[in-house]
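In: Predicted model and sequence follow; I will ask about them next.
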Amino acid sequence: MSNENIDVSFRDIYRLGYLELSVPKTVMDIIQDEITTMDKTKFEGYVPYNNNLAGSIQHEYVLRKSFEALNELVSKVSPFYWRGQGDWNEHIAVKKHAIRVNPNGDPDLWVNFQQPGEVNPMHTHGGALSFVIWIQLPFTMEDEFNHPSVKNSNFKTAAQFRFHYADASIRGGIGDYFINADHTFEGKMIIFPADLVHSVSPFRTSNRYRISVSGNIAYE
């Protein structure tokens with residue numbers, strides 16, 4: 001990964017924001033190898049992570065073999081989040097960033113194998129920053145929005161990743177920022193504040209897993 005260029009973009013959300021980047025192929029290959037083995041063995045021997053997470057998702061597991069490669073990536077790109085917000089955060093940008101490790105020694109790093117109809121409700125994470133990497137998104141937003149349960153709605157939320165934030169300009173004070181993460185987002189990563197509320201709507205048009213990797217980042 002040391003010789004690969006990483007193109008990082010800062011996306012603004014109502015005085016907040018998130019980073020978006022494409023994960024280097026060397027890192028994706030390591031993640032894919034661990035996830036493929038999990039799936040082939042029907043998750044036997046892997047540590048469930050459900051009791052640490054908010055989602056109504058059956059298959060969520062600790063990732064261990066991918067930790068070193070992802071930790072290296074996180075340490076390189078996380079500072080760009082703070083710099084995207086402005087020079088006043090340079091004192092944080094220069095700090096060492098790393099994926100958190102739990103008291104039992106497992107990394108605060110996991111994979112979601114989301115099935116049709118399963119949902120990740122509004123929630124936050126621990127740490128300073130969090131990330132999501134989309135591995136497999138077996139649908140298109142066009143198909144999801146045209147599903148019979150969605151197509152006639154005036155507020156289409158099928159399959160989307162969504163940020164929720166305080167917005168004093170709206171009655172009720174909650175704004176939404178949608179990321180239409182379908183198959184075109186495979187291999188993309190976002191990094192965002194861990195306390196920024198977010199959710200994932202269920203998908204309906206595929207029987208394959210929607211696979212994503214997530215983790216929490218601290219700095220020192």
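Out: Yep, it's here. Treat the numbers as computed from the prediction; the structure is a model and nothing was measured.

In: Run through the strands of the protein in chain order.
Out: 8-11, 18-22, 59-62, 97-99, 109-114, 120-123, 129-136, 161-166, 174-179, 188-193, 197-200, 210-219 (DSSP state E).

In: quick one: buried residues of the helix ranked longest in the chain?
Out: Among the elements of type helix in the chain, defined by DSSP state H, the one spanning the most residues is helix 25-40. By 16 or more other CB atoms under 10 Å, the buried positions in helix 25-40 come out as 27-28, 30-32, 34-35, 38. Yep, even glycine has a C-beta here, placed from its N, CA and C like the rest.

In: Let me have those in TSV, adding distance to residue 85 as columns.
Out: Formatted as TSV, the entries for those read as follows, by distance: CB to CB, whole Å:
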residue	distance to residue 85
27	25
28	27
30	30
31	28
32	32
34	33
35	32
38	36
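
In: and which of those residues is nearest residue 63?
Out: Sorting these by distance to residue 63 puts residue 34 at the head of the list, at 6.2 Å, by CB to CB.

In: excluding its backbone neighbours, what's nearest the closest one?
Out: Counting by CB to CB, 6 or more residues apart in numbering, residue 65 is the residue found nearest to residue 34 once chain neighbours are left out, at 4.5 Å.

In: how about the one you found, what does it touch?
Out: Residues touching residue 65, when contacts are defined by CB atoms under 8 Å, 6 or more residues apart in numbering, comprise 30, 33-34.

In: Understood, closing this out.
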